[in-house]
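Trainee: Need coordinates for the below:
(chains A and B)
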Amino acid sequence: MFDVIFIGLSLSSILLLVALGLAITYGAMGVINMAHGEMVMIGAYVAVLSSIWLGANFLLAIPIAFVVTALFGLVIERLVVRRLYGRLLDTLLATWGISILIQQAVRLEFGLTFFGIHIDGLGPGLQNVTVPSYLQGTVSVAGLEFNGYRAFIIGVTLALTALTWFILYRTSAGVQVRAIIRNPKMAAACGIDVKRVNALTFAFGSGLAGVAGVMMSGFKTVFPDMGATMVVDGFMVVVTGGVGSIFGTILSSGLLGEINALVAIGTNDIIARAVVFAVVIGVILFKPNGLFSYKGR
Amino acid sequence: MALERKIQLAAYGLFIAALFLAPAFGDEFWLNRIAKYLVYGMLGVAIALTWGYAGILNLGQGLFFGMGAYMLAMSLKLASPTSLSQGSDTPVPDFMLWNAEPGAPTDLCCINKGSFLWLPFQHQWFGLAMGIVVPVVIAGVLGAVIFRKRISGVFVSIITLALVLLVRLVLVDAQPITNGFNGLTDLGWLTIGGIEFDPYSRATYYLCAASLSLTLIVARLLADTRASLILQAIRDDQLRARYLGFNVPVYQTFFFVVSAAIAGFAGMLYVVVTEFASPTFMDLSFSVTMVVWAAVGGRSSLLGACIGAILINMIEAQVSETEALVEAWKAIIGLIFVLVVLFMPRGLGGLAHALVARFQRDEQPSAPAAVGAARSETA
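Mentor: Model prediction:
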């Protein structure tokens, strides 16, 4: 039983890493970023590429992935998302287009295949990342055995969540973001540069997804389409938890991850996913604002 | 009759005439491909009806399409020669025998636990009826619940999206009765009134052309009703419509159901044309792709969305002839989509309307006419 809860917890932490970025961008900016899953994918490819080309340590890939995906996020915000504020469903559609573009860019190695150039680690094939040995194996604490890598994922998630919390609630930038979540126009009236803060928020959210991608690359194969399901899962977590509520996102990722693990033990993975979807539908039907939502002003 | 209206009627007339003239220009193989695109055109109409007129972005239209497809495919599967020659008196789908437990009776009633569900599908008419009834019932129940609870905007999209993925998972998991990932292949031909609809025949093409024309005309007539005006009022300001005393959920649910029925119908035709049904119909990407077609063609233009769907697929087929461009094409579609959303949110249909409006202004430079044209742009 404890094993199941532990596995559920590690599933939850991956969900949370993906959802955290989405929750911030959706909550603060009213943008549904369907390309968020591709940020996860880029993060995973950064892990692949940095181990092939830089010979870099797996741990080193985490900050690199954060920076790379944050830059990607910044570019997307500048070029596309910025023009679509206030058109929620249009942001969903436009970022869906972006997500296809990014997938194909990786698959076609940024178009270089047409010139017969091949970059090791990109392309349509499957990639693998080897997790360093000190993260493999099991750790035993108080007589209980933990899978080392899963424990590592949970640890990283905790650290990043704490960091996000700190930024949002203990820094002046965070105050600005929270003000925008509550009421963007009033925030602008108070002298907050909404555009600039939004751009940075978007970049930060993308960066978090990039780190999630590195984590994911440790136990899943990396391929260009891997982000597509991630964004759906992440978004369901955000909606279930309540838009604009970091706390709600944390709890709902815990809830959905555990449900997934518990049902999967009793039946199989497919049914478990189906049950998670059913729970999400139920929550939206009965609490359309999510389980824990901010009251907008 | 306003000029704009005349042009619109002419556009519909021309399009439908073109549908029925197309067989003069190609062989059966080409017609089969075009028939498939016409089915996609129906999906475009279904999306435009809910998205353009009701403001409901359904990201799970594939659910209704898939249900329609599976219902008819089950009947056609039982009608196929292989199902008839499995050594029992009644037809049995081959995949059920492959996975049957040793000693299980080779009969639909009890070859496995769920196979009795297939029994009524021995009658082709049952499959045909269910292809419409099932999507309509699902949409009716779903619509009644979500619209009565005043769920709107992106939350409707999320619910429909979650539902289509949920059903897809269940369908794949119910492998003994649905053949799981592989879907239903090796189907028989649809036979109505002695006509066998061989997918590579003119009869099948005309069936699709007639269905699309019928769909377009019915949707157009619906869009001209008072109900559709009220629906557009709801789309623009739901609260105000409610205060004016309109029963908002009823109108929303009605159009949601009509759209589902069109999608179910399209699903059945797709099975007739392509001879398979597969869980990929319920992939997220397929449902979003439909929205892409409608967006490029014009979300608030029924004919535009339909033409958008057909056009994109024809271009895609052309491009895909060159192998190197297959993957690049997807990137181009993604790029087109971003550009359309950014710079042409009304799509091709909106472009056409703008042209007509400009033309009209040149003809009679009185300001009120231009304003009127701009107002009636949602068509």
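
Trainee: Helix or strand: which one has residue 261?
Mentor: Picking chain A for this. For A:Ala261, the host element (DSSP states H and E) is helix A:246-266.

Trainee: not what I meant, chain B
Mentor: Assigned by DSSP H and E, B:Ala261 falls in helix B:248-274.

Trainee: Can you spell out which helices and strands pack onto that helix?
Mentor: Judged by 3 or more Cβ pairs under 8 Å, 6 or more residues apart in numbering or on different chains; DSSP states H and E, the packing partners of helix B:248-274 are helix B:28-48, helix B:54, helix B:61-79, helix B:124-148, helix B:202-223, helix B:226-236, helix B:238-243. The way it works is simple: take the backbone N, C-alpha and C, and place the C-beta from them, glycine included.

Trainee: Ok, which of these comes nearest chain A?
Mentor: Nearest of the helices and strands packed on helix B:248-274 to chain A, taken as Cβ to the nearest Cβ: helix B:124-148 at 6.3 Å.

Trainee: Just name the most buried of the helices and strands packed on helix B:248-274.
Mentor: Among those, ranked by average contacts under mean count of other Cβ atoms under 10 Å in any protein chain shown, first place goes to helix B:61-79 (a mean of 29).

Trainee: so does that helix get close to chain A?
Mentor: No: figure legend: helix B:61-79 not in contact with chain A (Cβ under 8 Å from any Cβ of the partner chain); closest approach 12.1 Å.

Trainee: chain center to that helix: distance?
Mentor: Centroid separation for helix B:61-79 versus its chain: 13 Å, with Cα atoms, centre = their mean, to the nearest Å.

Trainee: Name the surrounding residues that touch stretch B:335-343.
Mentor: With contact meaning Cβ atoms under 8 Å, 6 or more residues apart in numbering or on different chains, stretch B:335-343 is reached by A:80, A:83-84, A:90, A:93-94, A:96-98, A:100-101, B:292, B:295-296, B:347.

Trainee: where along chain A do the strands fall?
Mentor: Ranges of strands in chain A, per DSSP state E, are A:138-141, A:144-147.

Trainee: tally of neighbours for A:Val239?
Mentor: Per other Cβ atoms under 10 Å in any protein chain shown, the neighbour tally for A:Val239 reads 29.

Trainee: related to what we said a few turns ago, taking the contacts of stretch B:335-343, please make a PyMOL selection of just the buried ones.
Mentor: In PyMOL, this line selects whichever of the contacts of stretch B:335-343 come out buried by 16 or more other Cβ atoms under 10 Å in any protein chain shown:
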select buried, (chain A and resi 80+84+90+93+94+96+97+98+100+101) or (chain B and resi 292+295+296+347)
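
Trainee: Out of the contacts of stretch B:335-343, which sit inside helices?
Mentor: Mapping the contacts of stretch B:335-343 onto helices (DSSP state H) picks out A:Asp90, A:Leu93, A:Ala94, A:Trp96, A:Gly97, A:Ile98, A:Ile100, A:Leu101, B:Val292, B:Ala295, B:Val296, B:Gly347.

Trainee: Which parts of the helix holding B:Ala261 count as buried, going by neighbours?
Mentor: B:248-249, B:251-274.

Trainee: and it, how far from the chain's centre?
Mentor: Mean-position distance between helix B:248-274 and its chain equals 7 Å (Cα atoms, centre = their mean).

Trainee: Kindly report the same for stretch A:269-281.
Mentor: On the basis of Cα atoms, centre = their mean, stretch A:269-281 is displaced by 20 Å from the centre of the chain it belongs to.

Trainee: where exactly do the helices run in the stretch 51-200 of chain A?
Mentor: Using DSSP state H, counting those that start in this stretch, the helices of the stretch 51-200 of chain A run over A:58-79, A:88-107, A:148-170, A:172-182, A:184-189, A:194-217.

Trainee: by contact count, what packs against the longest one?
Mentor: Contact here means 3+ Cβ pairs under 8 Å, 6+ apart; on that basis helix A:194-217 packs against helix A:2-29, helix A:36-53, helix A:58-79, helix A:148-170, helix A:172-182, helix A:184-189, helix A:227-241.

Trainee: Could you list the buried residues of the second one?
Mentor: Going back to what we said before, that points to helix A:36-53. A:36-51.

Trainee: low-confidence ranges in the stretch 51-200 of chain B?
Mentor: Within the stretch 51-200 of chain B, no stretch has pLDDT under 70.

Trainee: Excluding covalently adjacent residues, which one is nearest to the spatially most central residue of chain B?
Mentor: Centroid check for chain B by Cα atoms, centre = their mean gives B:Leu43 as the closest residue, at 2.6 Å. In space, and not counting its chain neighbours, B:Leu43 is closest to B:Met290: 4.8 Å by Cβ to Cβ, 6 or more residues apart in numbering or on different chains.

Trainee: average model confidence for the helix or strand containing that neighbour?
Mentor: Assigned by DSSP H and E, B:Met290 belongs to helix B:284-297. For helix B:284-297, mean pLDDT rounds to 89.

Trainee: Measure how that helix sits relative to helix B:28-48, angle-wise.
Mentor: With axes from the mean of the first three to the mean of the last three Cα atoms, to 10 degrees as the basis, helix B:284-297 and helix B:28-48 are set at 80 degrees to each other.

Trainee: now check the following helix or strand past helix B:284-297, is it near chain A?
Mentor: The first helix or strand that comes after helix B:284-297 along the chain, using DSSP H and E, is helix B:302-320. No: Helix B:302-320 is not in contact with chain A by Cβ under 8 Å from any Cβ; minimum separation 13.0 Å.

Trainee: So which elements touch helix B:302-320?
Mentor: Using 3+ Cβ pairs under 8 Å, 6+ apart: helix B:302-320 touches helix B:3-21, helix B:28-48, helix B:202-223, helix B:284-297, helix B:325-343, helix B:347-363.

Trainee: Just checking the distance from the fifth one to the centre of its chain.
Mentor: Averaging C-alpha coordinates over helix B:325-343 and over its chain gives two centres that are 22 Å apart (Cα atoms, centre = their mean).

Trainee: what do you get for the last one?
Mentor: Distance of helix B:347-363 from its chain centroid, counting by Cα atoms, centre = their mean, is 28 Å.

Trainee: can you name the farthest residue from the center of chain B?
Mentor: The C-alpha centroid of chain B is most remote from B:Gly103, which lies 42.1 Å away (Cα atoms, centre = their mean).

Trainee: Doesn't that residue lie inside a helix?
Mentor: No: using DSSP: H, G, I helix; E, B strand; the rest coil, the assignment for B:Gly103 is coil, not a helix.

Trainee: Angles on the backbone of it, please.
Mentor: When read as degrees, to the nearest 10, the backbone of B:Gly103 gives phi 90, psi 0.

Trainee: Can you tell me the number of residues neighbouring residue 181?
Mentor: Defaulting to chain A. Residue crowding around A:Ile181 was assessed by other Cβ under 10 Å; the count is 23.

Trainee: Not quite, go with chain B.
Mentor: With other Cβ under 10 Å as criterion, B:Phe181 counts 11.
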